[in-house]
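Trainee: Pasted the sequence and its predicted model underneath.
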Amino acid sequence: MRRVVSQTAVVLLSTATGTAAVAGVGAFHAAAPTRSSAHEATTLILGAPRSAPRGAPRAAPAEARPHSVTYQGVRVPVPAGWAVVRLDEDPSACVRYDRHAVYLGRPGPQPDCPARVVGRTEAVHVQPLHDVAASRTVVHADKLGSFTVRPSVGHETSLALPEAGMGITGVYGTDPAALQRILRGTRVTAKPHAHAKPHAQPQTPADAQPQDTMKPAAAPPGPAAQRRAPADPPPDRLDYASGKGFDTCTAPSLSTMKAWRSSFDVTNIYIGGAARGCEQPNLTAAWVKKVRKMGYRILPTYVGLQPPCGTRPQKFTVRNAASKGKKTAADAVAKAKALGIPVDKPIYLDLEAYKSKNASCKAAVLRFVNAWVKKVKQKHYKPCLYGSASSGVHDVGAAKGVARPVGIWFANWDGKARVYGDRFLPDDWWPPHRRIKQYRGAHRERHGGVTLNIDSSLADGRAY
């Protein structure tokens, strides 16, 4: 595929087909692709547009030289080439982890994020302490210079700075060393607060269930108990969902979810993972509970390590595929529990497109998925798989001797809103009520007076 792109453009590039969509100002010319439209997309930032649409978030300029910025008593070193995004001034800006940036302040209620961003590099977000993840590590001002970022499954660390009443979330791509240098160079410049202590986080027993998932009490004996049960259980008790669905990079505000409810039945949430590309300021257990009460069905999705022949930097390898699959599964279950998602519900593994003809890579993918499925089942959740119809989902479906996911969510951006009749997936794979198709990639839609950048899906598959 030929393409000519100006220096000022944002390109959504299909990793399977080479098709692309361009946002911003710039010229783009392409020959019609000859390969399949089954794909996912990665976002390539080639430069800021010369003139953004009215109301669009402003692009933060990247500084040519290293310097530092101060926010609410916390001074952070900014490496050369990093952008600084002041969320207090631009609340619609999206906190993205796929580009080098220092984010300052609390995100707005509805960040203007792409439909999906997969992959991480080093980024830092400084904000008030109560907005930082509950799993934060308390680090006092005099200890910042020696703080060590421990490698983690999620490639992320959250710090509480009690003297400043602030918190820092930091993420890294493949090596925590660069993030560690920034955090060790951070200083607290505010005077100590006499009562600056991290807010206590309520502890929930590991085996506790949210109240709305507890089994109902048995009906008392009598005529009422002898009535015939309805032919079908209530919709929220089905283990599958049917209808139109959408996904976007960051969980929308509750007001947006309410505005969109009349148009959609199913929504996706990115619950965690080393390659999750957007921060989730709205996503909490309370958000999940309220969105389900609106009538939505939810697809909890974990964006972990990616195939060794894929395009994302966070990867498992041919050698460690099985062990990483187990660790990824354990972390995904922990993230689901933290959001109040009960056992026996689905968790989707997001496996982006890769070069399926690479035999060793495909074998590694199958080992990774096999380990993921077994571990998630062992922890009493339903393992499901999101991926390209022409690579991940197809390869798992065709494989022998591999533990199969309970359900699939496959990407084939051919514009056909149907879960069967796909050229890559025989109809007897995962029938019935175990298929969801993402049939259209990133685009903007407006419902209830609110516009979002989304991918579109049709669901007849496993959902919470």
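Mentor: Yes, it's here. Numbers count the residues shown, from 1 in each chain.

Trainee: Enumerate every residue touching Tyr71.
Mentor: Contacts for Tyr71 (CB atoms under 8 Å, 6 or more residues apart in numbering) come out as 104-105, 126, 166. (Glycine included, C-beta is placed from N, CA and C.)

Trainee: How about Val450?
Mentor: 110, 255-256, 259-260.

Trainee: Format those as TSV; extra columns: neighbour count.
Mentor: TSV is the format used below for these (neighbours: other CB atoms under 10 Å):
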residue	neighbour count
Gln110	18
Ser255	12
Thr256	20
Ala259	17
Trp260	21
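
Trainee: if we can go back for a sec, most neighbours among the contacts of Tyr71, which one is it?
Mentor: In terms of neighbours by other CB atoms under 10 Å, the contacts of Tyr71 top out with Val126 at 26 neighbours.

Trainee: what pairs with that one across the strands?
Mentor: Under the criterion DSSP bridges, Val126 forms beta bridges with Leu104, Ile168.

Trainee: what sits against it?
Mentor: By CB under 8 Å, 6+ apart, the contact set of Val126 is 71-72, 74, 76, 102-105, 166-168.

Trainee: repeat that for 6 Å
Mentor: With contact taken as CB atoms under 6 Å, 6 or more residues apart in numbering, Val126 is in contact with 71, 74, 104, 168.

Trainee: So the last one sits against Ala160, correct?
Mentor: No: distance between Ile168 and Ala160: 8.3 Å, which falls outside the contact criterion (CB atoms under 6 Å).

Trainee: Those two: who's more crowded?
Mentor: Shown here are Ile168 and Ala160; by other CB under 10 Å, Ile168 has more neighbours (26 against 22).

Trainee: what about the strands in the stretch 51-200 of the chain?
Mentor: Using DSSP state E, counting those that start in this stretch, the strands assigned to the stretch 51-200 of the chain run over residues 67-71, 74-78, 83-86, 101-104, 123-128, 137-138, 156-161, 166-171, 187-188.

Trainee: In its sheet, which strands sit next to the last one, and in what direction?
Mentor: Pointing back at strand 187-188 there. By DSSP bridges, strand 187-188 pairs with strand 74-78 (antiparallel).

Trainee: Just the C-alpha atoms of the strand it pairs with, please, in PDB.
Mentor: Extracted as PDB, the C-alpha positions of strand 74-78 are listed here (Å, rounded to 0.1, in the frame of the first residue of the first chain):
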ATOM      1  CA  VAL A  74       5.900  18.500  43.500                       C
ATOM      2  CA  ARG A  75       8.800  19.200  41.000                       C
ATOM      3  CA  VAL A  76       9.200  16.600  38.300                       C
ATOM      4  CA  PRO A  77      12.100  16.400  35.800                       C
ATOM      5  CA  VAL A  78      11.000  16.400  32.200                       C
END
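
Trainee: distance between stretch 121-129 and the chain's centre?
Mentor: Relative to its chain's centre, stretch 121-129 lies at 17 Å (CA atoms, centre = their mean, to the nearest Å).

Trainee: Arg96 pairs with what?
Mentor: Here Arg96 sits in beta bridges with Cys278, as judged by DSSP bridges.

Trainee: measure it to Val118 for me?
Mentor: 11 Å (CB to CB, to the nearest Å).

Trainee: Which residue of the two possesses the greater neighbour count?
Mentor: Taking neighbours as other CB under 10 Å, Arg96 and Val118 compare with Val118 leading, 26 against 23.

Trainee: Helix, strand, or coil at the residue nearest in space to the middle of the chain?
Mentor: The geometric centre of the chain, computed from its C-alpha atoms, lies nearest to Tyr270 (CA atoms, centre = their mean), at 3.1 Å. Secondary structure assignment for Tyr270 (DSSP: H, G, I helix; E, B strand; the rest coil): strand.

Trainee: Repeat that for Cys249.
Mentor: Following three-state DSSP, we place Cys249 in the coil state.

Trainee: which element is Ile408 on?
Mentor: Secondary-structure assignment from DSSP states H and E places Ile408 in strand 407-411.
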